[in-house]
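Chemist: Sequence first, predicted model second:
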Amino acid sequence: MRVQRYHSRLTFRKQRRRRSGCLSLAVLSGLLVSIVAVSWNWIIQPRSASPAQESSEGLLAAAGLAFERGDLDGAIDLSRQLLARRPDHAAALTLLVRALIYRSYSEYDRAPDRQAALQLAQEAADRYTSERAFQAVLAYALQAAGQPVEAARAAQRVLDADPANALARVALALAYGSVGSFEIALRESQQAAANPDWALESQRALAISYSDMGDYAGAIAAIERAIQLNSRLIPLYFERALYALQIGDADAATAAYFQVLVYDPENVKARLRLCELSSLLREHDAAVNYCSQVTERAPAWADGWYQLGMEYFLIGDFASAQESLHRCSSLQVMQNVPISERRFECWYLQGQAAEIIGDCRGLLATYNEFRAMSAAADVPQTWTYPPEGPPGCSAVSPMPGS
């Protein structure tokens, strides 16, 4: 093996002896003038900034730097410190709400951050009713929390008084998109993107609008511009992967998920997305590997067990599929997930796996649990066996009500 060595371009010369002597009169005069100028500037500079004000400015600057390098935890902590000192600091509240919302999309268990952002924004907006900055950030938090009608109203009130408010325009665009008014959302997001303020949020909203309109190339271009504005924000890579998948570019999606793992090596959400993508590409061994990593890191997340059970089912390992899907269904029951929001496949595929391997007791237990859920709530899915029970299992134990 040949080893290449890269040499520096440094050259070595003999050092020249420096001449000693006295400084010239011109040099001395220049030094004296510089000293006098610096001293005079120090004497006349304003002393109005108090230590507390300097500290507040320092906290805001530190929080902004943390946000820029993708340290959302740090940005949130520093913004909270500043708001505890100065509850009327609109820039600190805006940064805190933005950081909470972005963090909520970064990992599988961060959704409560959106509600926290809304609560903070609502309290500030109620306290400072005449401050448009607080009202704009409230509109932004409302749309992120799934309240598009309220968000649109709050944003419109701000825009009526200040049509150039880009954050309110972004909130209005996202709110319209949430209720299916995609053309209006695109128009508003384009108008927001024309404003140099809030460029990151504007480009992200524009990408969402393009995607909703089926212009996936436009969505990719817009989200790439957002990434250029802050390349360390993890949610932007999840969205970049989504738009890549919409045009069938699995390589670009994979690269985006791997970029998430570069910045957050323990990210569970990225591993689940890689599992789903591997399954889509029929790379089932890789899918099982990624989903196993998900269940190891997040054993209480039902979605991970569902996807792992699906992969086992697809490769014909029905005993493992039954076990994983049982974990999925049990977790949803133990966590009191509303019946209407439960993943029906965890019961149905679990039952199919039990039927395939001849586990009649497991099949009947799963089927009866599903029947109980159907009786307690309106379940859109159907799963029905004859009154005597599943074929080949009627002799094991009669079903309730048969």
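Modeler: It's in.
Chemist: Next secondary structure element downstream of the helix or strand hosting C291?
Modeler: Using DSSP states H and E, C291 falls within helix 284-297. Counting by DSSP H and E, the next helix or strand C-terminal to helix 284-297 is helix 302-314.
Chemist: Now do that next one: distance to the chain's middle.
Modeler: 23 Å (C-alpha atoms, centre = their mean, to the nearest Å).
Chemist: Buried residues in that helix, which are they?
Modeler: 302-313 (16 or more other C-beta atoms under 10 Å). Placement of C-beta: from N, CA and C, glycine included.
Chemist: Go through these and name the one nearest T295.
Modeler: G304 (4.7 Å; C-beta to C-beta).
Chemist: just checking, that closest one touches T295?
Modeler: Yes. With contact defined as C-beta atoms under 8 Å, G304 reaches T295; the gap is 4.7 Å.
Chemist: Now do the contacts for the nearest residue to P390 once chain neighbours are set aside.
Modeler: Leaving aside its chain neighbours, P390 sits nearest to L363 (5.7 Å; criterion: C-beta to C-beta, 6 or more residues apart in numbering). Contact analysis of L363 by C-beta atoms under 8 Å, 6 or more residues apart in numbering lists 351, 354-355, 390, 393.
Chemist: Spatially central residue for the protein, please.
Modeler: Y105 (2.0 Å; C-alpha atoms, centre = their mean).
Chemist: which regions of the chain sit below the pLDDT cut-off?
Modeler: Along the chain, segments meeting pLDDT under 70 span 1-54, 395-402.
Chemist: what ranges do the strands span in it?
Modeler: For the chain, applying DSSP state E gives no strands.
Chemist: P235 reaches Y102, doesn't it?
Modeler: Yes. At 5.4 Å, P235 counts as touching Y102 under the criterion of C-beta under 8 Å.
Chemist: Look at the two and report which has more neighbours.
Modeler: Y102 (26 against 20; other C-beta atoms under 10 Å).
Chemist: and the more buried one, how far is that from E68?
Modeler: Plainly put, Y102 is 12 Å away from E68 if you go by C-beta to C-beta, to the nearest Å.
Chemist: okay, among the contacts of L363, which ones form the most distant pair?
Modeler: Going by C-beta to C-beta, the pair spanning the contacts of L363 furthest: G351 and C393, at 10.5 Å.
Chemist: quick one, which of the two is more surrounded?
Modeler: Neighbour comparison, G351 and C393: the larger count goes to G351, with 25 against 21 (by other C-beta under 10 Å).
Chemist: For the closest residue to the more buried one other than its chain neighbours, list the residues it contacts.
Modeler: Nearest non-adjacent residue to G351, counting by C-beta to C-beta, 6+ apart: T366, 4.4 Å away. Counting by C-beta under 8 Å, 6+ apart, T366 touches 326, 329, 347, 350-351, 354.
Chemist: what about 6 Å?
Modeler: 347, 350-351 (C-beta atoms under 6 Å, 6 or more residues apart in numbering).
Chemist: Can you pick out the ones from these that are in helices?
Modeler: 347, 350-351 (DSSP state H).
Chemist: Could I get those in TSV, plus columns for distance to Y290?
Modeler: Shown next, in TSV, are these (distance: C-beta to C-beta, whole Å):
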residue	distance to Y290
W347	24
Q350	21
G351	26
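Chemist: Phi and psi next, for A164.
Modeler: When read as degrees, to the nearest 10, the backbone of A164 gives phi -90, psi 0.
Chemist: what about it, how many residues close to it?
Modeler: 10.
Chemist: any idea how far it is from D197?
Modeler: Distance, A164 to D197, by C-beta to C-beta: 8 Å.
Chemist: now the end-to-end length of stretch 338-349.
Modeler: Using C-alpha to C-alpha, to the nearest Å, the end-to-end distance of stretch 338-349 comes out at 20 Å.
Chemist: Number the chain from 886, please
Modeler: All right, first residue 886 from here; so that's stretch 1223-1234.
Chemist: For that stretch, report the contacting residues that lie outside it.
Modeler: 1191, 1198, 1210, 1213-1214, 1217, 1251, 1255, 1258, 1262, 1266, 1268.
Chemist: and the two most separated of these?
Modeler: F1198 and A1262 (25.7 Å).
Chemist: and Q1192, what is it in contact with?
Modeler: Here Q1192 is in contact with 1160, 1176 (C-beta under 6 Å, 6+ apart).
Chemist: try 7 Å this time
Modeler: 1157, 1160-1161, 1176 (C-beta atoms under 7 Å, 6 or more residues apart in numbering).
Chemist: Over to G955?
Modeler: Contacts of G955 (C-beta under 7 Å, 6+ apart): 1117-1119, 1148.
Chemist: Just send those residues back as JSON lines, with neighbour count too.
Modeler: JSON lines is the format used below for these (neighbours: other C-beta atoms under 10 Å):
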{"residue": "R1117", "neighbour count": "15"}
{"residue": "L1118", "neighbour count": "26"}
{"residue": "I1119", "neighbour count": "22"}
{"residue": "Y1148", "neighbour count": "17"}
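Chemist: how about TSV for these, with distance to Y1013 added?
Modeler: Shown next, in TSV, are these (distance: C-beta to C-beta, whole Å):
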residue	distance to Y1013
R1117	31
L1118	28
I1119	31
Y1148	35
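Chemist: out of those residues, who's nearest V1064?
Modeler: L1118 (25.9 Å).
Chemist: how much space between the closest residue to Y990 other than its chain neighbours and A1129?
Modeler: Nearest residue to Y990, sequence neighbours excluded (C-beta to C-beta, 6+ apart): P1120, at 3.8 Å. Distance, P1120 to A1129, using C-beta to C-beta: 15 Å.
Chemist: so how many other residues sit close to S1259?
Modeler: 17.
Chemist: Distance of it relative to C1213?
Modeler: According to C-beta to C-beta, S1259 and C1213 sit 18 Å apart.
Chemist: can you check P1120 too?
Modeler: From P1120 to C1213 the distance is 26 Å (C-beta to C-beta).
Chemist: Next, the contact list for E1086, please.
Modeler: Counting by C-beta under 7 Å, 6+ apart, E1086 touches 1052, 1055.
Chemist: Look up how far A948 lies from it.
Modeler: 17 Å.
Chemist: A976 now?
Modeler: 9 Å.
Chemist: what do you get for S1164?
Modeler: Look at S1164 and A948: by C-beta to C-beta, they are 40 Å apart.
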